[in-house]
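Trainee: fold the stuff below for me.
(2 chains)
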There are 2 protein chains.
Amino acid sequence: MMIIMEFTEIKKTPLFDAFSELGKRIFLPEGIFYWSGRAKKEAELIGTIGSAHARESDFINGGSEEWLPCYLSEIRNYINNLHVKEITPYASIAGLADIRTQWKKWMIKKSLLDEHSNFREIHHLEKFTTLPVITAGLTNGIYLASALFLNPGEFIISPNKRWGNYDNIISRFIGAKIKSFEFFKDDQINLEGLKDAIRQVAEVQKKIVLILNFPNNPTGYVPSKQEARDIVNALNDLQQRLNLPMIVMVDDAYEPYIYREDVLQKSLFYDLHELKTDVIPIKIDGISKELLLYGGRIGFLTVGLKESWISDDEQLELLKNEINNKLEGMIRSTISNSNHFYQAVVRKIFESKGMDEIIAMRTPVKDLLEQRYHKINQEINQIQDDKISLDPNSGGFFLFMNLKPDVIKATDFADHLLKKYKVGVIPIEKPNDNINGIRIAYCSIDIEKIPEFVSRIRSALKDY
Amino acid sequence: MMIIMEFTEIKKTPLFDAFSELGKRIFLPEGIFYWSGRAKKEAELIGTIGSAHARESDFINGGSEEWLPCYLSEIRNYINNLHVKEITPYASIAGLADIRTQWKKWMIKKSLLDEHSNFREIHHLEKFTTLPVITAGLTNGIYLASALFLNPGEFIISPNKRWGNYDNIISRFIGAKIKSFEFFKDDQINLEGLKDAIRQVAEVQKKIVLILNFPNNPTGYVPSKQEARDIVNALNDLQQRLNLPMIVMVDDAYEPYIYREDVLQKSLFYDLHELKTDVIPIKIDGISKELLLYGGRIGFLTVGLKESWISDDEQLELLKNEINNKLEGMIRSTISNSNHFYQAVVRKIFESKGMDEIIAMRTPVKDLLEQRYHKINQEINQIQDDKISLDPNSGGFFLFMNLKPDVIKATDFADHLLKKYKVGVIPIEKPNDNINGIRIAYCSIDIEKIPEFVSRIRSALKDY
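Mentor: Numbers count the residues shown, from 1 in each chain, chains lettered A, B, ... in the order given. Okay, here's the model as predicted:
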């Protein structure tokens, strides 16, 4: 017996129309989980568990009589306040249930970072979002979401200034295409460019897919509160006018690192989720920067659902189960599940600390970055040189300095900076995308060295 | 400057002809790594590092003056004999260099488990295999290898009795097809079936891709030494006759768990690698079972190269670099990199213990499984009932009992076993693939309970 979902509820939603062939096809056959689940409940003698188990004393010198997954005693030398059961066995496909629940609460907590949040919104957020699935890091979340929606050859819309790995994931791996738009106009988001890109894509395919990332890598841009409203309204209007499902992947890698009060204080996911139109946000976040555990490779993917799709609570649960099954099918097919140690650590941190305490633990780091942010902007703004311009920036780990391409090529400049001034930066030079500048990762520059850092850049500029 | 490989060496090999569109297209642009690498060497002031760093005392109470990746102090509560630097930062894309080297030595060590190994073979193995890349577990290795070679619609050949996740990865996710062959004939591998499958696939596509898994899930089958020779010779002959690149993915999940001396004692990878024809083996293994770290999600993918492709050492290095770049491009696009903790632990184990000691640590577990293996086979063989037959089995974690489909449907039987006898097993019922039976995971059954376990199965059989 192959237990297969019919996906009757997803098929009624615009999500299904937006799925790629892969997304339409994928599912997790539940046979093996059905039988092992039943065995756990009904059996006295279980022969379903596919990992080696034994009495600890039979494989560890001085072990207990407990029936455990077999492990090498060495492992215990490297852990503390954790049981081997939290380290050696598989975690479940979509992650440990506790953390998924904790992360959902965390997501709701993060929605309150804006003064406008109210009880209705929180209830709505709680009810009309899926339980996050755990992915092998934030990249994996972006990859899975992209594969769920994009066929080879189809377009996803992104600002020209974006994380370089989007091009790896979308163009080189999946074989889809990125429709770029010029990110800024007059130091604000180029809303007309975004809208044009959407209208152009709407002429060639029956869905709109976008990826947005604030605070942005490489620019550090976060929309002002007014810009955020404008973006949300523009997407809302266009979705209604075009009447195509509009998927917005919200890459929240740098979510907590916002250093100015006049910009959007929380992920754009929340405002998009409030829209009644079929602007469908997918929240992709993770522990890399939020809990400063880059090496943990634990990300989360949460789908925003629309009240208009649903007639009653039962249907809502079925829909959530179907989405979960498809995501589990994708996870099972590519990584099986995510690593156990970092999930166990995150669980312990959430269990032992309140969310406010976790934020407080992170605050010294945010404060350090915020001080560097102000310092480096201040220093760069003192440079009087029309060969450069700084992109608007209010958060994240980076800023981006544009160089006039007819005067300085970014890679030449980076090379010159390194050789003559011993300063290292990442040049980005993409003439087709109208990009020529350097990314400065002030997240890893000592604040005391920032004046000298900028001074050397100023000197290097004078050489041109 | 986008630094892009030309892949001139791969293009001269049959590997390139076997690549999928994705495989032909994928690469890792090295710009960011080029510039951050140069900055590390040449710069006094570095603004390339994209993770937050600071003096430890500035973000941790009582911290040192060391310049470190910023982390939450809580993390230290869960580790032991590890520095936070081994836990919180990213590992490199293809994994920590030390472990890749250690795992290659481990792979060579494992080749010696057969009495025929000689110095020439070891040298050849060392020289003509790539440095393993680290994947997010063995599933991820199978997925990446499948995506590297299979376009949607193309065939991969696999025995009908196979790990169910192959169907998720290959059919449901990638959209390729599995060409099944009946695994056994007269308690031996059905070599004619395998050869027929290859010949049929050769009629519709210009490459042959196979996946083999010994000890096999779900049957526990390992070829006898004679069968192994027959398989290797058959693949060799067919490759020469068909003159198509033949990729053999060798899924070595259960590699160390072999319980009989008359069967192949090491992975089939090694003998395939010795072939001078273009039978190209890809070794996929991992720590899940080899180091009993299922939750670690660390796998390895190693490509076997052919001496005939290469004219000198320089060309060999270039080829290895090109393959590595493509695999890194795939890893970067899907997971960025694999988790750091388990890599750090594996490194420590390999550094602090000799390989023989690691094998010795695992031996109690292997011995337990071996005793259960003999016990359960002995008990089942005493059942006199022509409704059942056992597939040949010599290793791994499972065995497979076939049920006569005209008398007993496997799912009915599993249901009956559970309800009346409180025994849990996994039924596999795939009429199109001629499979109807139950998988018994003796890896997790107490040896003392095996007689009762089998006795209840015997009783259940009598009910039919």
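Trainee: going forward, measure contacts between C-alpha atoms and count neighbours the same way
Mentor: Fine.
Trainee: domain map for chain A?
Mentor: As recorded under automatic domain parsing, the domains making up chain A are A:54-82, A:97-352, A:357-462.
Trainee: correct me, but A:Pro364 touches B:Asp58?
Mentor: Yes: the pair A:Pro364 and B:Asp58 passes the contact test of CA atoms under 8 Å, sitting 7.4 Å apart.
Trainee: does anything pack onto the helix or strand where A:Ile428 lies? Which helices or strands?
Mentor: A:Ile428 belongs to strand A:426-430 when assigned by DSSP states H and E. Under the contact criterion of 3 or more CA pairs under 8 Å, 6 or more residues apart in numbering or on different chains; DSSP states H and E, strand A:426-430 touches helix A:410-421, strand A:435-440, helix B:31-42.
Trainee: angle of the shortest one against strand A:426-430?
Mentor: I take that to be strand A:435-440. Orientation of strand A:435-440 against strand A:426-430 (axes from the mean of the first three to the mean of the last three CA atoms, to 10 degrees) gives an angle of 160 degrees.
Trainee: quick check: angle from the strand holding A:Ile428 to helix B:31-42?
Mentor: Between strand A:426-430 and helix B:31-42, the angle formed by their directions is 150 degrees, by the same axes, to 10 degrees.
Trainee: kindly export strand A:426-430 (C-alpha atoms) in CSV.
Mentor: What follows is strand A:426-430, C-alpha atoms only, in CSV (Å, rounded to 0.1, in the frame of the first residue of the first chain):
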residue,chain,number,x,y,z
ILE,A,426,35.0,42.4,-2.9
PRO,A,427,34.6,44.1,-6.3
ILE,A,428,31.4,43.4,-8.2
GLU,A,429,31.5,44.2,-11.9
LYS,A,430,28.5,43.2,-14.0
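Trainee: what mean pLDDT does it have?
Mentor: For strand A:426-430, the mean pLDDT works out to 95.
Trainee: past the worst-scoring helix or strand of chain A on mean pLDDT, which element shows up next along the chain?
Mentor: Ranked by mean pLDDT, DSSP states H and E, the helix or strand of chain A with the weakest confidence is helix A:119-127, at a mean of 88. The element immediately downstream of helix A:119-127 (helix or strand, assigned by DSSP H and E) is strand A:133-135.
Trainee: which residues sit against that following strand?
Mentor: Residues outside strand A:133-135 that contact it (CA atoms under 8 Å, 6 or more residues apart in numbering or on different chains) are A:94-95, A:100, A:141, A:297-302, A:324, A:327-328, A:331, A:337-338.
Trainee: mind doing that once more with 10 Å?
Mentor: Applying CA atoms under 10 Å, 6 or more residues apart in numbering or on different chains, the contact partners of strand A:133-135 are A:92-97, A:99-101, A:103-104, A:140-144, A:284-286, A:297-303, A:324, A:327-328, A:331, A:335-339, A:343, B:335.
Trainee: burial count for A:Ser333?
Mentor: For A:Ser333, the count of nearby residues is 27 (other CA atoms under 10 Å in any protein chain shown).
Trainee: is the helix or strand that contains it anywhere near chain B?
Mentor: Assessed by DSSP H and E, A:Ser333 sits inside helix A:313-334. Yes: contact of helix A:313-334 with chain B (CA under 10 Å from any CA of the partner chain) involves A:329-334.
Trainee: any of the residues you listed buried? List them.
Mentor: Among the residues of helix A:313-334 next to chain B, those scoring as buried are A:329-334 (criterion: 16 or more other CA atoms under 10 Å in any protein chain shown).
Trainee: just to revisit the earlier point, which neighbours do A:Pro364 and B:Asp58 share?
Mentor: By CA under 10 Å, 6+ apart, A:Pro364 and B:Asp58 have these common neighbours: B:Cys70.
Trainee: quick check: the farthest pair among the residues of helix A:313-334 next to chain B?
Mentor: Using CA to CA, the residues of helix A:313-334 next to chain B span at most 8.8 Å, a distance reached by A:Gly329 and A:Thr334.
Trainee: okay, buried residues for whatever helix or strand A:Asn236 lives in please.
Mentor: If you go by DSSP H and E, A:Asn236 is part of helix A:225-242. By neighbour count on 16+ other CA under 10 Å, the buried set for helix A:225-242 is A:227-229, A:231-232, A:234-236, A:238-240, A:242.
Trainee: ok, of the residues you listed, which one's closest to chain B?
Mentor: A:Ala228 (25.8 Å; CA to the nearest CA).
Trainee: with adjacent residues omitted, what lies nearest to that closest one?
Mentor: A:Leu264 (6.7 Å; CA to CA, 6 or more residues apart in numbering or on different chains).
Trainee: show me what contacts the one you found?
Mentor: By CA under 10 Å, 6+ apart, the contact list for A:Leu264 reads A:113-114, A:214-215, A:222-229, A:258, A:394.
Trainee: and for A:Arg458?
Mentor: By CA under 10 Å, 6+ apart, the residues touching A:Arg458 are A:379-380, A:382-385, A:452.
Trainee: most neighbours among those, which one?
Mentor: Neighbour counts for the contacts of A:Arg458 (other CA under 10 Å) peak at A:Ile380, which has 20 neighbours.
Trainee: which pLDDT value goes with the residue nearest to it when sequence neighbours are not counted?
Mentor: Counting by CA to CA, 6+ apart, A:Ile380 lies nearest to A:Val454, which is 6.4 Å off, once chain neighbours are set aside. With respect to pLDDT, A:Val454 has a value of 98.
Trainee: so where do the helices sit in the stretch 151-300 of chain A?
Mentor: Here the stretch 151-300 of chain A has its helices, by DSSP state H, counting those that start in this stretch, at A:165-166, A:191-204, A:225-242, A:268-274, A:287-290.
Trainee: report the distance from the first one to the chain centre.
Mentor: Read that as helix A:165-166. From the chain centre to the centre of helix A:165-166 is a distance of 12 Å (CA atoms, centre = their mean, to the nearest Å).
Trainee: what about stretch A:271-281, average pLDDT?
Mentor: Computed over stretch A:271-281, the mean pLDDT rounds to 97.
Trainee: start and end of that stretch, how far apart?
Mentor: For stretch A:271-281, the separation between the terminal residues is 9 Å (CA to CA, to the nearest Å).
Trainee: any regions of the stretch 251-400 of chain A where pLDDT drops low?
Mentor: By pLDDT under 70, the stretch 251-400 of chain A has no low-scoring segment.
Trainee: report pLDDT for A:His116.
Mentor: Taking A:His116 on its own, its pLDDT is 65.
Trainee: of all the domains of chain A, which lies closest to B:Glu86?
Mentor: domain A:97-352 (8.5 Å).
Trainee: in a strand, A:Pro54, correct?
Mentor: Actually, residue A:54 is Ala rather than Pro. Yes: assignment of A:Ala54 by DSSP: H, G, I helix; E, B strand; the rest coil places it within a strand.
Trainee: quick one: it and B:Pro218, what's the gap?
Mentor: Counting by CA to CA, the gap from A:Ala54 to B:Pro218 is 20 Å.
Trainee: one more: A:Ser389?
Mentor: Distance, A:Ser389 to B:Pro218, by CA to CA: 62 Å.
Trainee: picking up where we left off before, quick check: the residue nearest to A:Ile380 vs B:Ile376, distance?
Mentor: Taken as CA to CA, the span from A:Val454 to B:Ile376 is 73 Å.
Trainee: go on, A:Asn81?
Mentor: 38 Å.
Trainee: please name the nearest non-neighbouring residue to A:Ile208.
Mentor: The shortest distance from A:Ile208 to any non-neighbouring residue, by CA to CA, 6+ apart, is to A:Met246 (4.6 Å).
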